[in-house]
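S.K.: okay, predicted coordinates and the sequence, questions at the end:
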Amino acid sequence: MSKGIKILLLVLVSLSFSLSGCYYSSAMREMKAADQMFSQLKAADGAKLVPYEYCSAEQFLANAQREAAESDYKQARVFASQSRSASEAGLAGVKKK
């Protein structure tokens, strides 16, 4: 193997490790925020007052946790973000009622 190919492979491996670490920390932060928002919705009796948003937030959070357990941090972050958004919408709906 030539020296140029070895350097290229080393750069690609380093880049993939650094990107996966970014996805991990980003997903964990988003999942924590989603969990906190969902807890607030649950405490505000969201299951009864805004059942659609409550169920959506709960399922998106469960999907995020499943994806994180399977080391798919990019998709885990997407689901966690959707969960947080559903919880925020639910909390806004609770305040209106």
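M.R.: Yes, it's here.
S.K.: low-confidence stretches in this structure?
M.R.: Counting by pLDDT under 70, the ranges of the chain that qualify are 1, 12-21.
S.K.: so where do the helices sit in it?
M.R.: Assignment of helices within the chain using DSSP state H yields the ranges 3-43, 46-49, 51-69, 73-96.
S.K.: mean neighbour count, those helices: which tops it?
M.R.: With neighbours defined by mean count of other C-beta atoms under 10 Å, none of the helices of the chain is more surrounded on average than helix 73-96, at a mean of 20. C-beta coordinates here come from the backbone N, C-alpha and C atoms, glycine included.
S.K.: what's it in contact with?
M.R.: The list of residues contacting helix 73-96 from outside it, by C-beta atoms under 8 Å, 6 or more residues apart in numbering, reads 20, 23-24, 26-28, 30-31, 33-34, 37-38, 40-41, 44-46, 49-50, 53-54, 56-61, 63-65, 67-68.
S.K.: relative to helix 51-69, how tilted is that helix?
M.R.: For the pair helix 73-96 and helix 51-69, the angle between their directions (axes from the mean of the first three to the mean of the last three C-alpha atoms, to 10 degrees) equals 160 degrees.
S.K.: and the angle from helix 73-96 to helix 3-43?
M.R.: Taking the same axes, to 10 degrees, helix 73-96 and helix 3-43 form an angle of 20 degrees between their directions.
S.K.: only alpha carbons, please: show helix 73-96 as PDB.
M.R.: Included here for helix 73-96 are C-alpha records, laid out as PDB according to Å, rounded to 0.1, in the frame of the first residue of the first chain:
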ATOM      1  CA  TYR A  73     -27.400   8.300  17.300                       C
ATOM      2  CA  LYS A  74     -28.300  10.400  14.200                       C
ATOM      3  CA  GLN A  75     -31.800   8.900  14.100                       C
ATOM      4  CA  ALA A  76     -32.000   8.900  17.900                       C
ATOM      5  CA  ARG A  77     -31.500  12.700  17.800                       C
ATOM      6  CA  VAL A  78     -34.200  13.100  15.100                       C
ATOM      7  CA  PHE A  79     -36.800  11.200  17.200                       C
ATOM      8  CA  ALA A  80     -35.800  13.000  20.400                       C
ATOM      9  CA  SER A  81     -36.300  16.300  18.600                       C
ATOM     10  CA  GLN A  82     -39.700  15.200  17.400                       C
ATOM     11  CA  SER A  83     -40.600  14.100  21.000                       C
ATOM     12  CA  ARG A  84     -39.500  17.500  22.400                       C
ATOM     13  CA  SER A  85     -41.600  19.300  19.800                       C
ATOM     14  CA  ALA A  86     -44.700  17.200  20.600                       C
ATOM     15  CA  SER A  87     -44.200  17.800  24.300                       C
ATOM     16  CA  GLU A  88     -43.900  21.600  23.700                       C
ATOM     17  CA  ALA A  89     -47.100  21.600  21.600                       C
ATOM     18  CA  GLY A  90     -48.800  19.600  24.300                       C
ATOM     19  CA  LEU A  91     -47.700  22.000  27.000                       C
ATOM     20  CA  ALA A  92     -49.000  24.900  24.900                       C
ATOM     21  CA  GLY A  93     -52.300  23.100  24.500                       C
ATOM     22  CA  VAL A  94     -52.600  22.400  28.300                       C
ATOM     23  CA  LYS A  95     -52.100  26.100  29.000                       C
ATOM     24  CA  LYS A  96     -54.900  27.000  26.600                       C
END
